[in-house]
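Peer 1: Sequence first, then the predicted structure, then my questions.
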Amino acid sequence: MLARTSHLLRHDPARVIAKPYLPGEEIFTDTGTRTGLLMGRILALPEDEVVRVLGETLARFAGRHRGFEALLERHFALVAHRVAGLALSPERRLLIGAYFTNEYSVEGAALFNPSLVPAPDQAGLAPGERRFVMSLRAVGEGHISSIEFRTGRVDASSTVTFDPLGPHLVTGERAPASGYDKASFRGKLMELNAGNDVAWAILDPLPEHFTLGDLDERLSAFEREGAPHAIAYETLKIIRVLAASSYVTAFPADSALSERVIFPAGPHETHGMEDARFVRFAADDGQVTYYATYTAFDGFEIMPQLIETDDFARFRISTLSGPAAQNKGMALFPRRIDGKYVMLSRRDRENLHLATSTDVRYWADVTELHRPSHSWELLQIGNCGSPVETDQGWLVITHGVGPMRRYVLGAILLDLEDPQRVIGELREPLLGPEGPEREGYVPNVVYSCGSMLNGRDLILPYGMSDGAVGIAVVSLPDLLAQLRRGR
């Protein structure tokens, strides 16, 4: 029923990005901040030394990054206010940018937990071929998780071929969200325990759909009104953080998808963007949008977030809210059912739940769907990506945790018209960690964030012990038969 392929994707420390590096702002007695001290030292360098050091820097690093000099100029702009009014040579500006830049190995620690979807462009293929997009969780220094991509093709016999990787990784240009819905914003503030008189005094005058500019003006006006500092400070901080958690990131049109990295940019993502579950969502009118749910982590708390894209070049990031949008592991169905969005959820961290909504960002209606019952899943169960539609029901690949915190993959089958009905389940695991798959940063784990149908086969990518990625091909007729017998 299941066959592992020979593919093995491992992390590559040489895949690096260049990100701003701003030293801590701690103050030294009588000398100022670290940033100020560093800037003073750079300004004291003779011009010939500036030219020499810049030349060495370009020789060492320019070949590792796309548009390296333009990147250094952008990073100089982040600290340019500290040298306002000074006439600086182009070389000194670039060197300042280099001192405030560092390389970051996106995959320095691990690469795992993939999801798989059909690519937007399916033109020009041989009969039976399909292009795919694979998302991956990449982990680097400080255990910060970001989202990477791979592309490739699968043929009629379910042979998987990956495209060559692009030469440079690039991060997107970040911009504020185009607008906010007041009702959703209000609901999320209540979930964050910031639903108070201060918050409503700020929000109530705003229109039902407001922009970041509208919010900034209202916050400034509120602060000018002289509200008590002790009451307002934390609320205003939470409002600003929530607004900054919704944004857009866009990539150069001439970059390959495998070069694009969605690197944490929101305040709730300072420790990473975890386990993106991508799905190709078809609206009732046939319009296609790719959604992904992921977990934002700031080192203390998690926040469920949503990605939307049409082309994998421009991504809209927003916050999920509502009683059902709690904890990890939300996964969206690939179409509406009875006019509603449907989402798998694990709001209690142990059992599978089903949530429905008329708004893809707000989730209130939720019911329990399935509890662990087999010995290999008694600790907890969850989904391994969005449900896959088959003619016999919604196929949900699950993960179960058993003795010694061993993660395995299972499966259940839901009724097509009424997905609250479980009509099939596996008695035994579909896939478990075996041999070298057991060894890694988190041992004894297999895990997936999404699979894809290819004719009569299921292409199932999976992470191995938080260290690498493999692919399994599952016979769909055999799996469906096993599911029916198990129920």
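Peer 2: Alright, I've got the coordinates.

Peer 1: my guess is residue 142 is in a strand, correct?
Peer 2: No. Assigned with DSSP: H, G, I helix; E, B strand; the rest coil, residue 142 falls outside any strand and is helix.

Peer 1: give me phi/psi at the residue lying closest to it once chain neighbours are set aside?
Peer 2: Leaving aside its chain neighbours, residue 142 sits nearest to residue 271 (7.5 Å; criterion: Cβ to Cβ, 6 or more residues apart in numbering). (Glycine included, C-beta is placed from N, CA and C.) Per-residue torsions, residue 271: phi -110, psi 10 (degrees, to the nearest 10).

Peer 1: Tell me which residues touch residue 271, please.
Peer 2: 142-145, 264, 297-299 (Cβ atoms under 8 Å, 6 or more residues apart in numbering).

Peer 1: what's the closest of those residues to residue 14?
Peer 2: Proximity of these to residue 14 was ranked by Cβ to Cβ; the top entry is residue 144 with 17.6 Å.

Peer 1: What pLDDT does the model give the closest one?
Peer 2: pLDDT recorded at residue 144 is 95.

Peer 1: who's the closest residue to it other than its chain neighbours bridged to?
Peer 2: Leaving aside its sequence neighbours, residue 144 sits nearest to residue 272 (Cβ to Cβ, 6+ apart; 4.8 Å). Beta-bridge partners of residue 272, counted by DSSP bridges, are residue 145.

Peer 1: didn't residue 272 look like it was pressed against residue 140?
Peer 2: No. Between residue 272 and residue 140 there is no contact under Cβ atoms under 8 Å: 9.3 Å.

Peer 1: Common neighbours of the two, please.
Peer 2: By Cβ under 8 Å, 6+ apart, residue 272 and residue 140 have these common neighbours: residue 146.

Peer 1: returning to what we had before: residue contacts, the residue nearest to residue 144?
Peer 2: Contacts for residue 272 (Cβ under 8 Å, 6+ apart) come out as 139, 143-146, 264, 296-297.

Peer 1: First-to-last residue distance for stretch 94-114?
Peer 2: Distance between the two ends of stretch 94-114: 38 Å, counting by Cα to Cα, to the nearest Å.

Peer 1: what comes up buried for that stretch?
Peer 2: Using 16 or more other Cβ atoms under 10 Å as the test for burial, stretch 94-114 gives 94-101, 104-114.

Peer 1: now do stretch 210-223
Peer 2: Applying 16+ other Cβ under 10 Å to stretch 210-223 flags 210-212, 215, 218-219, 222 as buried.

Peer 1: List just the nearest of these to residue 363.
Peer 2: Out of the buried residues of stretch 210-223, the member with the shortest distance to residue 363 (by Cβ to Cβ) is residue 210, at 21.8 Å.

Peer 1: if we can go back for a sec, can I have the buried ones of the contacts of residue 271 as a ChimeraX selection?
Peer 2: Restricted to buried positions by 16+ other Cβ under 10 Å, the ChimeraX selection for these reads:
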select :144,145,264,297,298
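
Peer 1: Quote the end-to-end distance of stretch 101-121.
Peer 2: Span of stretch 101-121 from end to end, Cα to Cα: 36 Å.

Peer 1: Fine by me, thanks again.
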